[in-house]
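Chemist: Need the 3D shape of this:
(2 chains)
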Amino acid sequence: MKFLSKFYVGIIYAFLYLPIAVLIVFSFNDAKSRTVFTDFTFKWYEKLFTNDIILGAFANTLFVALVAGICAVVLGTFAAIGINAMNQKLQGLLLNITYLPMINPDIITGVSLMLLFVFIRMELGFTSLILAHITFNVPIVIFNVLPKLRQLDRNIYNAALDLGCNPTQAFRKVVLPEIMPGIAAGFLLSITYSFDDFAVSFFTSAADSQTLSVVIYSMVRMKVSPEINALSTIMFVVVLFILLLVNINGARKDRKSSKLNIAKGEG
Amino acid sequence: MKKIFTLCLAIIMVAISSVSAFGYYSEAEGYSTEVEDYDYYQKFQGQGIEIDVYNWGEYVANDSVNFLDVNEDFEALTGIKVNYTLFSSNEELYTKLRSGGTNYDVIVPSDYMIGKMINEGMLQKLDFENIPNYKYIDQKYKNENFDPNNEYSVPMYWGVVGIIYNTTMVDEEDLTGWNILWNEKYADNMLMFSNSRDAFALSLLDLGYDFNTTDQMEIEEAAGHLRAQKPLVQAYVMDEIYDKMEGGEAAVAPYYNGDAVLMMDVNEDLDFFIPENTSIFIDSMCIPTGAKNKEAAEMYINYMCESTVAAANSYYVGYSTPHMGAMELLDEELVENEIAYPDDELIGSLDALLTLPAETSAFTDKLWTDIMAQGSSSVVFQTIFLIAVVLIYFVFKIIDKHIKKRRMSYY
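Modeler: As a prediction, this is how the structure comes out:
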């Protein structure tokens, strides 16, 4: 039984990480092949850093993800606060409306946004691309912030008002710190979604604003360049590094607070 | 949490600034290619003009380390900024242009798409006064059926369909024509095009018909022929062919000669065979109707037809060039390679695939869907599905038992 459960977990993680491992290994492959490993090399990394097309697309992607993420966080947070203050019926209705774009397949979102932009005679480009990304990011932020707001004790806010805060101060000093984890999660998820997105970006971008996913997809005919493997490897390592930092930091904090608690308990 | 948040932000910021430091539109000091007429390229210098180019992914030399980054070089030479964007299929290009949201100045569609776009008024006639280097394009690739009067397009790459095969697995004697793709000896060792147009073209060729036919009887016969082939086919693929052939997982497959040369570099056992009745493809540079800077676009096309540039492109991409000046600059070994540059007589006689009338293409697509739907591959899927269901059932049972046990132990 124990063996079986270990085996099961092993398979799951193999499924998750083997593809990434293969990708990393082949970023060091001398030939352009994805099946035959000929020789170890760093040349794809060198080429990557001189490849304007890939780097440009990467910069575009980061830019769009960040701007869309920040806008979505502001919009989404206020929307969540508004929704939270509504009565049950209205809340249910609005939540359903918010769910809809999330369930909607990306390709439909993409095509309909493009049709909208063309209809209102807006030229496609960075503006349309960022607007599109904000559109699918806002619901993500709302659904990350809302639970935090629900956990929040309304009385704390009222207490702040009683103690002399005006509503803005109360929001900034009391509500915002409490819901901050939700906002941060929403922001990071938005960025991830923006990075991942192909369908919407494909339909709403133009000549000056192609994102990384669109560029990678365009390589299908001539075979995806190993430079993409190199870039993916770098991104994976950076994300891994950030995660490690966060976890180490978190663990240290936990230890500190538990020590504090013990000290208090004994004292 | 706040700290983490700021940390992430900081890292992202650093990443962005370093990317832009590498010079997204970097200040290339000077241009490095030899051009025929330097003065011609100075016309738009300092006017802040931009052109939007829409091309296939990985389709121009883009490696400033080893030889040339074409777009950067063009920017340095002319002062025109190139917004370079990529697509992966003709249909994608068509959709984007049709949707009307964007305009492009230079596009690179394939033969049949050029024909379709000309018919629908989506392309402009080129002013060849502005493209003097057109003279370098070999006569063989002009007057093709999609642009019979050479008014709209300037060829950039070309290739022919043939059969790539593994010499250790295939008898050379069997290589008499397309019929090797129906040879039962290679059952389960054969790959086939996964799109209907190319697959039907091969089937029609093997039956001795014209691949641009609109005759329903002939098309139905071709469908029957493909149905007969299906049990022999290991997989229907597009670019996965690289992995399968390089890895020796399959013995024969139809594909383009340019790709074959690249595959043969990786796996020495591979070779390429070109049947006499085959089709040619030509990807050409065109200017769509909505172009904002037609003259600058023509300058870009002319630049692409500089011998050095065309040679760098062809070398980088691996596809054959129609440019005579470029051929002189390329490795002799490559130019004399019968696979990359088959003999003139053959090339002159070949036709390109045309866009079929809507009716015919709908008919073909329907037949193709039927062929793909029926047959043996679904058996594998069904077994996997069945096994999965059984497995899930057992897993649930085990979990259920586990939970019950736990509950018991509480009492």
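Chemist: Please work out how many residues are found near residue A:104.
Modeler: Residues lying near residue A:104 (other Cβ atoms under 10 Å in any protein chain shown) number 12. Every C-beta, even on glycine, is put in place using the N, C-alpha and C of the backbone.
Chemist: mind listing what it touches?
Modeler: Neighbour list for residue A:104: empty [criterion: Cβ atoms under 8 Å, 6 or more residues apart in numbering or on different chains].
Chemist: Now do the buried residues in the helix ranked longest in chain B.
Modeler: In terms of residue count, the longest helix belonging to chain B (DSSP state H) is helix B:377-410. Buried residues in helix B:377-410, counting neighbours by 16 or more other Cβ atoms under 10 Å in any protein chain shown, are absent.
Chemist: again with stretch B:231-248
Modeler: In stretch B:231-248, counting by 16+ other Cβ under 10 Å, buried: B:232-237, B:239, B:241-246.
Chemist: so what are the domain limits for the chain?
Modeler: By default, I'm working from chain A. Listed domain ranges for chain A are A:1-41+A:228-267, A:51-224 (source: automatic domain parsing).
Chemist: that's the wrong chain, I meant chain B
Modeler: B:32-153+B:286-342, B:159-280+B:358-373, B:376-411.
Chemist: what distance separates the last one from the centre of its chain?
Modeler: A distance of 44 Å separates the C-alpha centroid of domain B:376-411 from that of its chain, computed with Cα atoms, centre = their mean, to the nearest Å.
Chemist: For residue 85, what are phi and psi?
Modeler: Defaulting to chain A. Backbone torsions for residue A:85, taken as degrees, to the nearest 10, come to phi -90, psi -10.
Chemist: let's do chain B instead
Modeler: Per-residue torsions, residue B:85: phi -130, psi 160 (degrees, to the nearest 10).
Chemist: Equivalent analysis for residue A:52, please.
Modeler: Per-residue torsions, residue A:52: phi -60, psi -30 (degrees, to the nearest 10).
Chemist: pretty sure it contacts residue B:72?
Modeler: Yes - taking contacts as Cβ atoms under 8 Å, residue A:52 lies within contact range of residue B:72: 6.1 Å.
Chemist: just checking, residue A:23 touches residue A:234?
Modeler: No - using Cβ under 8 Å, residue A:23 is not in contact with residue A:234, being 11.4 Å away.
Chemist: Identify the residues contacting residue 187.
Modeler: All of this is about chain A. A:69-70, A:72-73, A:141, B:5.
Chemist: that's the wrong chain, I wanted chain B
Modeler: Counted by Cβ under 8 Å, 6+ apart, residue B:187 has contacts B:231-232.
Chemist: And it, how far from chain A?
Modeler: Residue B:187 sits 22 Å away from chain A, going by Cβ to the nearest Cβ, to the nearest Å.
Chemist: what's that residue sitting at in phi/psi?
Modeler: The phi and psi values for residue B:187, taken as degrees, to the nearest 10, are phi -60, psi 140.
Chemist: Residues of the stretch 251-400 of chain B that sit close to chain A?
Modeler: For the stretch 251-400 of chain B, the residues in contact with chain A (Cβ under 8 Å from any Cβ of the partner chain) are B:262, B:265-267, B:317, B:395, B:398.
Chemist: repeat that with 7 Å
Modeler: Residues of the stretch 251-400 of chain B lying near chain A by Cβ under 7 Å from any Cβ of the partner chain: B:266-267, B:317.
Chemist: Just to be sure, which of the residues you listed are found in helices?
Modeler: B:266, B:317.
Chemist: Can you tell me which member of the residues of the stretch 251-400 of chain B next to chain A has the lowest pLDDT score?
Modeler: Within those, residue B:266 has the lowest pLDDT, namely 83.
Chemist: give the contact list for that one.
Modeler: Going by Cβ atoms under 7 Å, 6 or more residues apart in numbering or on different chains, residue B:266 touches A:31, A:33, A:36, B:246.
Chemist: and the helix or strand hosting residue A:53 with chain B, contact?
Modeler: For residue A:53, the element it lies in under DSSP states H and E is helix A:52-84. Yes - Helix A:52-84 is in contact with chain B by Cβ under 7 Å from any Cβ, via A:52-53, A:55-56, A:58-59, A:62-63, A:66.
Chemist: What is the neighbour count of residue A:78?
Modeler: When neighbours are counted by other Cβ under 10 Å, residue A:78 registers 13.
Chemist: Doesn't residue B:83 belong to a strand?
Modeler: Yes - assessed with DSSP: H, G, I helix; E, B strand; the rest coil, residue B:83 lies in a strand.
Chemist: residue contacts, the residue lying closest to it once chain neighbours are set aside?
Modeler: Nearest residue to residue B:83 in three dimensions, chain neighbours excluded: residue A:207, at 4.0 Å (Cβ to Cβ, 6 or more residues apart in numbering or on different chains). Going by Cβ under 7 Å, 6+ apart, residue A:207 touches B:52, B:54, B:83, B:85, B:102, B:104.
Chemist: redo that, cut-off 6 Å
Modeler: Residue A:207 makes contact with B:52, B:83, B:85 under the criterion Cβ atoms under 6 Å, 6 or more residues apart in numbering or on different chains.
Chemist: Would you indicate which residues of stretch B:96-114 are buried?
Modeler: Counting neighbours by 16+ other Cβ under 10 Å, the buried set in stretch B:96-114 is B:96-97, B:101-114.
Chemist: Can you tell me which of those residues end up in strands?
Modeler: Among the buried residues of stretch B:96-114, the members found in strands (DSSP state E) are B:106-107.
Chemist: From residue B:140, how far off is the residue nearest to residue B:68 when sequence neighbours are not counted?
Modeler: Nearest non-adjacent residue to residue B:68, counting by Cβ to Cβ, 6+ apart: residue B:312, 4.4 Å away. To residue B:140, residue B:312 is 22 Å away according to Cβ to Cβ, to the nearest Å.
Chemist: Compare neighbour counts for those two and give me the winner.
Modeler: residue B:312 (25 against 17).
Chemist: tell me which element residue 192 is part of?
Modeler: Went with chain A since none was named. Residue A:192 is part of helix A:176-196, with elements assigned from DSSP H and E.
Chemist: other chain: chain B
Modeler: Assigned by DSSP H and E, residue B:192 belongs to strand B:190-193.
Chemist: With residue A:44 instead?
Modeler: helix A:43-48.
Chemist: where does that helix sit relative to the chain's centre, distance-wise?
Modeler: 27 Å.
Chemist: other SSEs contacting it?
Modeler: If you count contacts as 3 or more Cβ pairs under 6 Å, 6 or more residues apart in numbering or on different chains; DSSP states H and E, helix A:43-48 packs onto helix A:226-266.
Chemist: Low-confidence bits of the chain, can you list those?
Modeler: Defaulting to chain A. Regions of chain A meeting the criterion pLDDT under 70 cover residues A:262-267.
Chemist: ah, I was thinking of chain B
Modeler: Of all residues in chain B, those with pLDDT under 70 make up the ranges B:1-31, B:65-66, B:375-379, B:408-411.
Chemist: Quick one: name the residues of the stretch 151-267 of chain A near chain B.
Modeler: A:180-181, A:184, A:206-208, A:210, A:215, A:217-223, A:246 (Cβ under 6 Å from any Cβ of the partner chain).
Chemist: which element follows the helix holding residue A:192 toward the C-terminus?
Modeler: helix A:199-204.
Chemist: by contact count, what packs against that next one?
Modeler: Helix A:199-204 makes packing contacts with helix A:106-119, helix A:126-151 when contacts are defined by 3+ Cβ pairs under 6 Å, 6+ apart.
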